[in-house]
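# Sequence plus the predicted model coming up.
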Amino acid sequence: MNNKLYEKYASSYAAVTNNRDFKGQLELILQTYQPENPCQSFIELFAGQSLHAIEAFKKGDIEVWAADSSQEMKELAVSQGFLKPDHYIVGYLPESILNNTGNVKFDCIACLYSAFSAIPMHKVFDLLFYIKPLLSDKGKIFIELHDVFYTMEYVANPVVTYKEVQNSAGELIKYAWPSGKIKWDHFSHTAEVPITFNIQSAAHSETVEFTSTDHIYSAEEIIFMANLLDYNSRILSTDPVWEDKFPGGIVLELSLKSAVQST
């Protein structure tokens, strides 16, 4: 997401997206590995404040990395517990990670919180292609997508709702996401989503408006691309446990067809 919300207003963005069980989600992912062959290397792509990666650091025995386009988000992540700043790569994916992780082969590559919505389809394909060599023999990619059902339900009956949170600076944020009519592209499921933040502190009150460009991908589209690139695919969120931990999302697991995977 290349816009001022994600950069200049990073702490406010972090406050409104810090609303899920990051520890529980990570634990569920780690449980897909056999106890005798656990996940030992983890990278979070489109990491933002990297809350999944920070939870991975707390395990103590996992090599942890993150990648994102925002320097402001990296600084926020480091302030909140990302223990190795040199392992947080700032730059646009996939190019930024190709030559910056040394010889590390990753057991887990996480693209969560509908992160693919930040990039167009050809970039998703490129990313899936270029990260293949970064996977270990037991490597898996975990991808969270929008649930198309809930997206279409909202489109059929849009409602603007304001919520309140507090950011790390102690400012009160009243926000609506979306804050008005969503504009859809004619040729793809790409949406221009209006967002309004009202940021209040003792010293000032500021209302800022943003537009987020979101690319909505179905599981079918990602699985189709993954198959072209010789990945195995499975949908995890049909399991009620995964559905509970990732509400409103669809979670896919990709692995290399040439590798023997744990279940």
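Received it, and whenever you're ready, just let me know what you need.
# which stretches of the protein form strands?
In the chain, the strands defined using DSSP state E lie at 41-45, 63-68, 88-90, 106-111, 135-146, 162-166, 172-176, 183-184, 190-200, 205-215, 231-235, 249-256.
# And for the third one, what's in contact with it?
For strand 88-90, contacts defined as Cβ atoms under 8 Å, 6 or more residues apart in numbering pick out 47, 50, 65-71, 74, 77-78, 82, 96-97, 100-101. Bear in mind the C-beta positions are built from the backbone N, C-alpha and C, glycine included.
# Please apply the same query to the shortest one.
Outside strand 183-184, the residues that touch it by Cβ under 8 Å, 6+ apart are 190, 191, 192.
# Out of the strands of the chain, which is closest to residue 117?
Among the strands of the chain, the nearest to residue 117 by Cβ to Cβ is strand 205-215 (4.4 Å).
# of all the contacts of strand 183-184, which comes closest to residue 226?
Looking across these and measuring by Cβ to Cβ, the closest to residue 226 is residue 190, at 20.6 Å.
# mind giving me the domain ranges of the protein?
Domain assignment for the chain by automatic domain parsing gives 10-148+216-256, 150-215.
# who's in contact with the closest residue to residue 54 other than its chain neighbours?
With Cβ to Cβ, 6 or more residues apart in numbering as the criterion, residue 54 has its nearest non-adjacent residue at 4.5 Å, and that residue is residue 81. By Cβ under 8 Å, 6+ apart, the residues touching residue 81 are 54, 57, 58.
# rewinding a little: and the contacts of strand 183-184 as a markdown table, adding distance to residue 121 and pLDDT?
Putting the contacts of strand 183-184 into a markdown table (distance: Cβ to Cβ, whole Å; pLDDT from 0 to 100) gives the following:
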| residue | distance to residue 121 | pLDDT |
| --- | --- | --- |
| 190 | 9 | 95 |
| 191 | 14 | 93 |
| 192 | 17 | 94 |
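# re the thing from before, by neighbour count, which of the contacts of residue 81 wins?
residue 54 (22 neighbours; other Cβ atoms under 10 Å).
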